[in-house]
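Novice: structure, please.
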Amino acid sequence: MTDTTETRADPSLRTVVVASAAGTAFEWYDFFVFGSLATVIARHFFADAGETVAYILALLTFGLGFIVRPLGALVFGWFGDRTGRKTTFLVTITLMGVATVAIGLLPDYGQIGLAAPILLLIMRVLQGFALGGEYGGAAIYVAEHSPPKKRGLLTGWIQTTAAFGLIGALSVILITRQIVGVEAFDEWGWRIPFLLSALLLAISLWIRLKLNESPAYQRMEAEGGERRAPYKEAFFQWGNGRFVLIALFGIMIAQGAVWYCGYFYTRFFMERVLKVDVNTVDQLVLMVTVASAALYVFFGWLSDRVGRKPVMLFGMILALVAFFPGFHALTKAANPALAEAQAAAPVTVVADPATCALQFDPIGKAAFSSSCDIAKSVLSNAGVSYSNASMWTTPSAATLVPGADAVVVIGETMVESVDGTGMAPAELKAARTDVETRIKAALVEAGYPAKADPARINMPLVFGILMIFMVAATALYGPQAAALVELFPTRVRYTAMSLPYNIGTGWVGGLLPAASFALVAWSGNIYFGLWYSVGFTALAAIVALIWLPETKGRDLDTI
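Specialist: Numbering: from 1, shown residues only. Here you go, the predicted model:
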């Protein structure tokens, strides 16, 4: 019997890794299709909110799928610790697939009105709920099959599924757009990537049904698994609870900040701020994702040699060092005309602070009708960085008096805004259009480009900058599954590691695009949104350095 088991061990391990990774990659594909199509989805499901607010609402809908992930982690974590790893992640993958296909079938706002975004929100909730239970199950399943000296390497394949899922999502989007054409894709072709999930779901289920329960779970069951109380043991016993906190604040908040900044905020920044063509952005992100896919496995392997903690700390520190200079360099490389214009003709909004509101409206109800609000909304939509001032003195103008209309200063040119408070909707729209026309004319005269010039984009440099961000993200993410699994005992492992993972990636990472955009809109500085990522990463680096233990090579049956 012993000989037979040993002869089957190697192929069984390969099957475990392939089946777990394939299913998780499919779930990431489902999740990333939505994020990659946020701009198109905004037009179909939030058509009545205006361009800027519609995009923010689409980002928040994307983020909603992340917000519910901790709930999925608690529910599926409990089932995973009580009923087994295999059954639980069969349920999660089915739920994710059904919700994704349903998004591709939903009628849009023009067909059923307000019901369309409501149904979209429900599907996103189901997606997030399912993904909350998927990652923990797949990572644990592989780790519990792996030899201690190869645990980082083998779980690194689970980490790289995020890249595989994004590669699949971007590839399908690019190919579909190329086949049907841009106009047809924006009209109806965007549904195809969602509908393809039906085929991927069938393949993933077929592969996963071949798996058996993990050996660690089977041993625990044989020793009396019916006495387990996952919530109590994971969160209310200090021996485990303190490691839940360390996992959250020492690893996962950095993971959410670094990974989603590198993959999603860079995309938003290039598309919405630097005005790079969406196809070019998709191609760049796809190239970088393909180039970085193997790094997850490499850094997982490296953590088997030097330890989980130093590799993850390297990723955090690299991100902290690279983000601000990297995004400034990205502007110069992707849209040099914008960088030149910002240096030669900086923009200032001079206004009475009492008339200025935060340029962020998640429910789409704010009028933003003051002269300050109108001026700032025009600049925000144009992706132009500006500073704020409450008064100025020039040879041609007196000091601003309280309540005076805002003025946009572009280099040496001054453009007066209009106070639309109390205007009828049609009159307000006309006033905004007038201000927008005059500001954009002044921006063009000052050298601000309406779009990035493809001929001036330094593609190798953009690629190199994005790769630096990817190295940071993969160094942090590659060893992470092994580190999290090794922190917790088998009895509560699914529950204990899934919650901090999904809070970090779900709340910190999922809300990053919308929160960073809000910070940019509030400050007027196109780089100010990076403080969101830098703040969370710096906190995690401090916590990890002081409190995170080294777990490399731990025996999972003895903790």
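
Novice: hey, let's count contacts and neighbours off CA atoms from now on
Specialist: Fine.

Novice: ok, now how distant is the residue minimising distance to the centre of the chain from residue 83?
Specialist: Centroid-nearest residue in the chain: residue 260, 3.7 Å away (criterion: C-alpha atoms, centre = their mean). Distance of residue 260 to residue 83, computed by C-alpha to C-alpha, to the nearest Å: 32 Å.

Novice: in the helix or strand containing residue 470, what counts as buried?
Specialist: For residue 470, the host element (DSSP states H and E) is helix 459-477. Using 16 or more other C-alpha atoms under 10 Å as the test for burial, helix 459-477 gives 462-463, 465-477.

Novice: nearest to residue 318, of those residues?
Specialist: Distance to residue 318 across those (C-alpha to C-alpha) is lowest for residue 472, with 5.6 Å.

Novice: and the pLDDT at the residue lying closest to that closest one once chain neighbours are set aside?
Specialist: Once its chain neighbours are removed from consideration, residue 472 has its nearest residue in residue 315; the separation is 4.1 Å (C-alpha to C-alpha, 6 or more residues apart in numbering). With respect to pLDDT, residue 315 has a value of 97.

Novice: please apply the same query to residue 162.
Specialist: The model reports residue 162 with a pLDDT of 80.

Novice: list the contacts for it?
Specialist: With contact taken as C-alpha atoms under 8 Å, 6 or more residues apart in numbering, residue 162 is in contact with 24-25, 28-29.

Novice: nearest to residue 184 among the residues you listed?
Specialist: Of all these, the one sitting nearest residue 184 is residue 29; the distance, using C-alpha to C-alpha, is 22.2 Å.

Novice: so who does that closest one touch?
Specialist: Contacts of residue 29 were listed using C-alpha under 8 Å, 6+ apart, and they are 162, 164-169.

Novice: just the closest of those to residue 544, please.
Specialist: The shortest distance between residue 544 and any of those, using C-alpha to C-alpha, involves residue 162 and amounts to 23.5 Å.

Novice: mind showing which ranges of the stretch 251-400 of the chain have poor pLDDT?
Specialist: Within the stretch 251-400 of the chain, the stretches with pLDDT under 70 are 358-367, 391-400.

Novice: for it, which segments count as strands?
Specialist: Assigned by DSSP state E, counting those that start in this stretch, the stretch 251-400 of the chain shows strands spanning 347-350, 386-389.

Novice: which of these is buried the deepest?
Specialist: Per-residue neighbour counts averaged over each of the strands of the stretch 251-400 of the chain give the maximum for strand 347-350, namely a mean of 23 (mean count of other C-alpha atoms under 10 Å).

Novice: with just CA atoms, put that one into CSV.
Specialist: Written as CSV, here are the backbone C-alpha positions of strand 347-350 (Å, rounded to 0.1, in the frame of the first residue of the first chain):
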residue,chain,number,x,y,z
VAL,A,347,-2.8,75.7,-13.7
THR,A,348,-4.2,77.3,-10.6
VAL,A,349,-7.9,77.6,-9.6
VAL,A,350,-8.3,80.9,-7.7
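
Novice: partner strands of that strand, parallel or antiparallel?
Specialist: Take DSSP bridges as the rule and strand 347-350 pairs in its sheet with strand 386-389 (parallel), strand 407-410 (antiparallel).

Novice: quick one, helices of the stretch 101-250 of the chain?
Specialist: Ranges of helices within the stretch 101-250 of the chain are 109-112, 115-145, 151-159, 161-180, 182-184, 191-195, 197-208, 215-222, 230-235, 238-247, based on DSSP state H, counting those that start in this stretch.

Novice: figure out which of those helices is closest to residue 382.
Specialist: Between residue 382 and these, the shortest separation by C-alpha to C-alpha is 22.5 Å, and it involves helix 182-184.

Novice: can you redo the strands paired with strand 347-350 as TSV with distance to residue 539?
Specialist: TSV is the format used below for the strands paired with strand 347-350 (distance: least, C-alpha to C-alpha, whole Å):
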stretch	distance to residue 539
strand 386-389	28
strand 407-410	37
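
Novice: who wins for neighbours among the contacts of residue 162?
Specialist: Neighbour tally across the contacts of residue 162 (other C-alpha atoms under 10 Å): the maximum, 29 neighbours, falls on residue 24.

Novice: who's in contact with the closest residue in space to that one that isn't next to it in sequence?
Specialist: The spatially closest residue to residue 24, leaving aside those adjacent along the chain, is residue 161, at 6.2 Å (C-alpha to C-alpha, 6+ apart). The contact partners of residue 161, taken as C-alpha under 8 Å, 6+ apart, are 21-22, 24-25, 28.

Novice: no further questions, thank you.
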